[in-house]
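Asker: below are the sequence and a predicted model for it; my questions follow.
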Amino acid sequence: MSRLDSFIRRLEAQRACLELAAARIADLPGPVLELGLGNGRTYDHLRELLPAREIFVFEREMRAHPSARPDPRHLLLGDFHDTLPAAGHRLPGKAALAHADIGSGDREATAGLARWLAGALPALLCAGAWVVADQPLQHRSLMSQPLPEGIIANRYFLYCHRAS
């Protein structure tokens, strides 16, 4: 498979997973967390999927297109290791949905970040929250969920948070 085809399939999986998760949290209160803004495409899609939700964005540095940037109140700039643990006081409650697009070209660094994130993220999630991620996240409170029809395993990952 060409890199272009692989990229297209990843984006199709991402969109399908986000749409499924958005439907699953329809009756669950709470903001949305976008971990990794990049150029802002997914953030823009989340704004359309969930127009009534506050979306808090975590990003190392701003590179997004100006039309796909959150306002300063909803943007937490810096390393996830610093911004995520300190975010609880900025959120209007526990999050109903988190999307983590954290993969980089460095497999070892990405795997390390995913391990750390799996331990740090649940503290910000309400019971029943959904997590959509480009990397596998292993934590006792994150229950793996079936992918949407047509999405192949390990292309994207879905979890439901079960508070302990």
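Answerer: Received, thanks. Numbers count the residues shown, from 1 in each chain.
Asker: tell me the secondary structure at residue 160.
Answerer: Secondary structure assignment for residue 160 (DSSP: H, G, I helix; E, B strand; the rest coil): strand.
Asker: name the nearest residue to it, sequence neighbours excluded.
Answerer: Nearest residue to residue 160, sequence neighbours excluded (C-beta to C-beta, 6 or more residues apart in numbering): residue 143, at 5.0 Å. Just so you know, the C-beta spots here come from the backbone N, C-alpha and C atoms, and that holds for glycine as well.
Asker: dump the residue contacts of that neighbour.
Answerer: By C-beta atoms under 8 Å, 6 or more residues apart in numbering, residue 143 lies in contact with 159, 160, 161, 162.
Asker: would you say it is within a strand?
Answerer: Yes. Assigned with three-state DSSP, residue 143 falls within a strand.
Asker: just checking, what packs against the longest strand seen in the chain?
Answerer: Counting by DSSP state E, the longest strand found in the chain is strand 125-133. Counting contacts by 3 or more C-beta pairs under 8 Å, 6 or more residues apart in numbering; DSSP states H and E, strand 125-133 packs against helix 3-24, strand 95-100, strand 157-161.
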